[in-house]
Structures are given as C-alpha cells and as structure tokens.
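In: next one to model:
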Amino acid sequence: MPLENPNLEGYQVVRNTWLKFYNGSKKTFIAPKKCSGCYNDEKFVVWSISVAAQAVVDGARLYKELVPLVEPAIDIFQKYKNKHLKGYSAAENNGNDKDIYYDDDAQVASAMITAYEVTGNKKFLDQGRELVRFLMGGWNENPKAVNKGGMKWHINNPYLNSCTTAETAKACLQISKFIPDEEKVYVDFAANCIDWQIKKLQDKGDKLIMDGVQDTDPNVNTVKISYNTGTTLSAAAHLYHITKDKKWKDIADELAKAGINRNVFFYDRDYDNSLRYWRDSSYFVQLLIEGLADYLLFVPDAPEDLPAKIEEEIKRHMIMFYEYMRDEKDGLYLQSFEPHLTFKDVYETKYVKEFGGKKKWDLKGEDKDGDKPIKCLMGCGAAARIFFQGARVIPKVEY
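Out: As a prediction, this is how the structure comes out:
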C-alpha cells in the first residue's frame with residue numbers, strides 16, 4: 001500500500017512504538033531486547049527518550065487520543081535528572097550523575113516546551129524553563145579559549161558543536177513566546193548562538209554547517225551532518241519570524257537552498273542526480289525536515305522557486321523512507337536512510353529495480369542483531385517525526 005497520509009502514518013508509528021517499548025510498571029521505555037540506544041540491557045539513553053517523547057507530543061497535537069500519553073512520556077525525563085545541576089544525564093541516576101550533554105538536554109527541553117504547548121500543563125513549561133536556563137549556562141566563557149563563544153557539548157567537554165548551539169537556540173526561541181517578561185533574554189541568546197554558528201561553523205562554499213571545534217583548537221571538524229544544517233535553519237527562520245531582521249532571512253535562505261542541493265556532503269552522490277538522497281540516519285534527517293518545514297512556515301517571502309523544490313525533496317524522501325525502511329509486520333522502521341541498507345527482500349525487489357543494484361545489500365550496524373534486523377526506540381520516534389514534520393509541507397502524498 002503506498003504512502004498517502006503522512007500524519008496518519010506518524011500516528012500509527014507512535015501507537016506501535018508505545019505498545020512495543022513503553023512499560024507501565026516501570027514507567028519508562030524498555031527494550032524487549034538490547035538494541036541501539038541502550039546503555040544497559042534494557043534502558044535507553046536520554047537522547048533516545050527525547051526523540052520518542054517528542055514524537056508522542058507531535059502526534060498528540062493532531063490526534064487527541066494520544067494526549068494521555070504525553071504526561072507519562074515527559075515524566076520519564078525525571079529519572080535522568082541531576083537534581084543539583086538541573087540538567088539531565090545520559091542515563092537514569094540517583095540525582096547526582098554528571099554525564100550531561102547539552103545537545104541531548106536541548107532536545108529534552110524542546111519536548112517539554114511543546115508538551116506544554118499541546119496540553120497547557122504548566123508543569124511542562126516550568127520544567128522547560130528551568131532546563132533552558134541550565135542550557136544557557138553552557139555558553140563557552142573560557143577567557144583562555146582560542147575559540148570564544150559557542151555552546152559546549154558536555155558539561156566537562158568544551159567541544160563547541162553546532163548541534164548543541166543550534167538546538168539550544170531553538171529551545172530558547174520556543175519558550176520565548178510563553179514567558180513575555182523574559183522573551184528578550186531568550187531571543188538575544190538565540191541570536192548570539194546563530195551568529196556564532198554562521199561565523200565559526202558555516203562552510204562559506206556550500207553553506208552547510210560543520211560539526212564543531214574544540215575551544216583550544218583552531219581546526220574545525222569539517223564533517224557536515226544533516227541535522228546541523230536543519231537545526232540552524234529552524235533557529236534562523238524563527239529569528240526572522242520574531243525580529244523581521246532581513247539578516248536572518250538571508251541566512252535561512254542560504255541554509256534552505258543548501259539543504260536540498262543534491263551535490264552537498266550529506267547526499268549520497270554515488271548515484272545520478274535524480275536518485276541522490278540524504279544518507280544520514282533517520283534521527284538526523286528528521287531535524288533537517290523539521291528545519292525545512294520551519295523555513296516554509298516562518299519565511300513566507302522565500303525565493304520564488306525554493307518552496308516548490310523543498311516540497312518535492314521532502315515528498316520523495318518520505319516516499320523512499322516509507323517504501324524501504326518500513327517493516328510491514330509491525331509497522332515500525334529501521335534507522336537507515338540508505339536504500340541498500342534495508343530488509344533483504346526489500347533490497348531484492350525494490351532496490352535492484354530502482355537503483356540497479358549499484359551497492360551490495362547489508363543492514364546498518366545500528367539496525368541489526370547479528371544478521372537480523374532490529375528496531376530501536378530512537379529510530380521509531382524519528383520515523384514518526386519524519387512523517388509528522390513532512391506532513392507540515394506535504395499533508396497528502398500523491399505518486
């Protein structure tokens with residue numbers, strides 16, 4: 001059956017994910033069998049929880065029957081909280097663990113803030129505000145740093161990376177509209193984040209966002225993952241919407257064009273132009289799609305041909321993901337976005353026909369248990385978000 005309604009597909013993924021992974025007695029997501037994203041035999045790192053919880057919230061915005069799942073999903077985060085620092089650790093802990101990553105926590109904050117937006121439960125707003133204030137404390141103020149500014153990756157590692165900086169900016173902008181008395185503080189902080197991002201980490205050639213730089217090292221890590229561009233695009237577009245400063249529009253225009261340029265780093269360029277696709281895992285791609293959707297929402301005066309090109313790119317990627325990575329048995333998804341790294345029968349029937357068998361079959365390492373495919377929490381949450389975010393642009397798919 002072809003993909004027709006991306007929102008409905010997202011709903012089905014959330015429902016099936018909840019049934020497979022949520023354990024009511026332990027009040028958290030539990031892996032039936034150890035899989036990608038687990039830090040022990042059954043429990044998931046907070047990054048995985050954040051993606052799954054965000055998918056629940058995205059679904060609840062559209063399907064009211066999912067609203068009762070929002071509170072138990074967001075409440076899981078409290079198991080990860082350092083009660084003294086007010087940040088959230090990678091693993092469940094007794095309130096004192098310091099293995100805290102600012103990029104993970106920015107996604108946690110985003111889930112909390114959107115949970116408030118969807119439910120009106122002020123508890124989530126209070127949690128989100130507290131966490132955003134914690135995040136803002138991660139700005140690099142080391143006077144001896146070669147690279148000034150930028151958000152740290154980990155509380156004990158001043159690697160200044162783009163995902164942390166842009167995701168913190170996103171969280172600040174999300175919460176700014178709900179706390180008017182503090183709006184300027186959040187918007188100004190977000191503006192500083194994206195200013196730093198563009199000056200320090202944007203490739204001046206292809207306009208993509210590079211990964212990061214150590215505070216004491218002049219050499220930038222030039223890897224360009226899709227979500228770095230996607231999250232920066234979200235923040236820049238939102239800044240333009242709030243401030244109406246053309247500077248942010250110009251940045252957003254550049255990033256949106258770069259994100260759908262089939263000649264850039266995160267496309268698989270081993271194929272002819274018409275077959276090229278975003279090759280990152282789904283949990284990265286979902287944030288690029290969100291960035292492109294935010295761009296179309298917040299920048300109504302986009303260059304004339306760009307919206308149509310964005311729509312086409314999101315549409316064809318949703319179709320490819322649905323046709324190649326969906327398991328018909330349980331309606332859940334692999335994390336791969338590369339059509340040869342899929343179920344063997346799909347490879348043999350679809351990939352060989354569409355892509356000519358150019359690459360050999362395999363399963364992505366994070367998608368297999370031995371030689372068998374296995375689904376994980378973050379991959380399923382990311383899949384739901386791909387359809388929910390994509391549906392903001394393409395609510396109905398026509399082949």
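
In: where's Leu160, which helix or strand?
Out: Assigned by DSSP states H and E, Leu160 belongs to strand 157-161.

In: what residues does that strand touch?
Out: 103, 140, 142, 145, 147, 149-153, 200, 211-216, 221 (CB atoms under 8 Å, 6 or more residues apart in numbering). All C-beta atoms are positioned from the backbone trio N, CA, C, and that covers glycine.

In: repeat that for stretch 27-37.
Out: 20-23, 38, 40-45, 47-49, 52, 72, 75-76, 79, 92, 335, 366-367, 369, 374-379.

In: of those, grab the buried ones for PyMOL.
Out: To isolate the buried members of the contacts of stretch 27-37 in PyMOL, using 16 or more other CB atoms under 10 Å:
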select buried, resi 20+21+22+38+42+43+44+45+47+48+49+52+76+79+92+335+366+367+374+375+376+377+378+379
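
In: nearest spatial neighbour of the residue of the chain most remote from its centre, skipping sequence neighbours?
Out: Here the centre of the chain is the reference, and by CA atoms, centre = their mean the most remote residue is Lys144, at 32.4 Å. Nearest non-adjacent residue to Lys144, counting by CB to CB, 6 or more residues apart in numbering: Thr216, 7.6 Å away.

In: where does that neighbour land in three-state SS?
Out: coil (DSSP: H, G, I helix; E, B strand; the rest coil).

In: give me the distance between it and Pro158.
Out: 8 Å (CB to CB, to the nearest Å).

In: residue contacts, Ala166?
Out: 193-194, 197, 209, 228, 231-232, 234-235.

In: quick one: Tyr295 and Lys309 touch, right?
Out: No: under the criterion of CB atoms under 8 Å, Tyr295 is not in contact with Lys309, lying 11.6 Å apart.

In: the stretch 101-250 of the chain: helices as residue ranges?
Out: With DSSP state H, counting those that start in this stretch as the criterion, the stretch 101-250 of the chain has helices at 102-119, 122-136, 162-176, 183-201, 226-243, 246-259.

In: dump the ones you listed into CSV; add mean pLDDT as well.
Out: As requested, these are exported to CSV (pLDDT from 0 to 100):
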stretch, mean pLDDT
helix 102-119, 98
helix 122-136, 98
helix 162-176, 98
helix 183-201, 98
helix 226-243, 98
helix 246-259, 98
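
In: now these as CSV including distance to Asp345?
Out: Below are those laid out as CSV (distance: least, CB to CB, whole Å):
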stretch, distance to Asp345
helix 102-119, 34
helix 122-136, 42
helix 162-176, 35
helix 183-201, 41
helix 226-243, 28
helix 246-259, 32
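
In: all helices for the stretch 251-399 of the chain, in order.
Out: 282-298, 306-325, 344-346, 352-355, 377-391.

In: deepest-packed of those, please.
Out: Most buried of those, by mean neighbour count (mean count of other CB atoms under 10 Å): helix 377-391, with a mean of 28.

In: what helices or strands is that helix leaning on?
Out: helix 6-21, helix 46-62, helix 282-298, helix 306-325 (3 or more CB pairs under 8 Å, 6 or more residues apart in numbering; DSSP states H and E).

In: now with 6 Å?
Out: Helix 377-391 sits against helix 6-21, helix 46-62, helix 282-298, with contacts defined as 3 or more CB pairs under 6 Å, 6 or more residues apart in numbering; DSSP states H and E.

In: what angle sits between it and helix 226-243?
Out: 50 degrees (axes from the mean of the first three to the mean of the last three CA atoms, to 10 degrees).

In: any idea how far the residue nearest the centre of the chain lies from Phe343?
Out: By CA atoms, centre = their mean, the mean C-alpha position of the chain lies nearest to Leu287, the distance being 3.6 Å. Distance, Leu287 to Phe343, by CB to CB: 25 Å.
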